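Chemist: how would this look folded up:
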Amino acid sequence: MKPITIYIDADACPVKQEIYRVAERHALKGAALKVFVVTNAPIAVPRSEMIERVVVGAGMDEADNWIAERARRGDIVITADVPLASRCVKAGAEVIAPNGKRFTEDSIGHTLATRNLMDSLRSAGEITGGPKPFAPRDRSSFLAALDQAIVRLKRAGFGQGTEK
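Modeler: A predicted model of the protein is given here:
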């Protein structure tokens, strides 16, 4: 059986507790799930066989590389990092931002181009603001998106007792 694997780009993720709760709820309903909390420094995670903390080196993109090397079809990646999202979408994973936005094959090219343009404008001093603050509505959107992703994968046979 291939469990549904959830990879969390955890260093700045504001929805870790929500991920743990949703994963536990689906596991109680019989889904096979594994959650990897990937970070550059040790953080507390719940004591559970289904949750594993992975501390990678402190180098630039170490957590991103660890996740991207493992993510594939049947997995879920939680990240706000657009380049990481792009790599994982190309590998076939479901990718969700902490605000609930899904990164898909149809949207990732435009999203990556916009991110690169904004990065260039910030570097040139044209734009000085950052992203809008995380809001309760974002948390709600995220919970719905994560639940939908798990249900989609379960319907596709992942986490159900047959390898896909």
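Chemist: go ahead and confirm residue 79 touches residue 68.
Modeler: No: under the criterion of Cβ atoms under 8 Å, residue 79 makes no contact with residue 68, lying 9.8 Å away. Backbone N, C-alpha and C define where each C-beta goes, glycine included.
Chemist: out of these two, which sits in the busier spot?
Modeler: residue 79 (27 against 23; other Cβ atoms under 10 Å).
Chemist: so who does the more buried one touch?
Modeler: 8-9, 13, 64, 67, 85, 88, 95, 97 (Cβ atoms under 8 Å, 6 or more residues apart in numbering).
Chemist: spatially central residue in this structure, please.
Modeler: By Cα atoms, centre = their mean, the chain has its centre lying nearest to residue 78, at 1.0 Å.
Chemist: got a list of what that residue touches?
Modeler: Per Cβ under 8 Å, 6+ apart, neighbours of residue 78: 6-9, 13, 15, 19, 95-98, 146.
Chemist: so which of those residues comes closest to residue 47?
Modeler: Nearest to residue 47 among the contacts of residue 78 is residue 19, at 15.6 Å by Cβ to Cβ.
Chemist: so which of the contacts of residue 78 sit within strands?
Modeler: Residues of these located in strands (DSSP state E): 6-9, 95-96.
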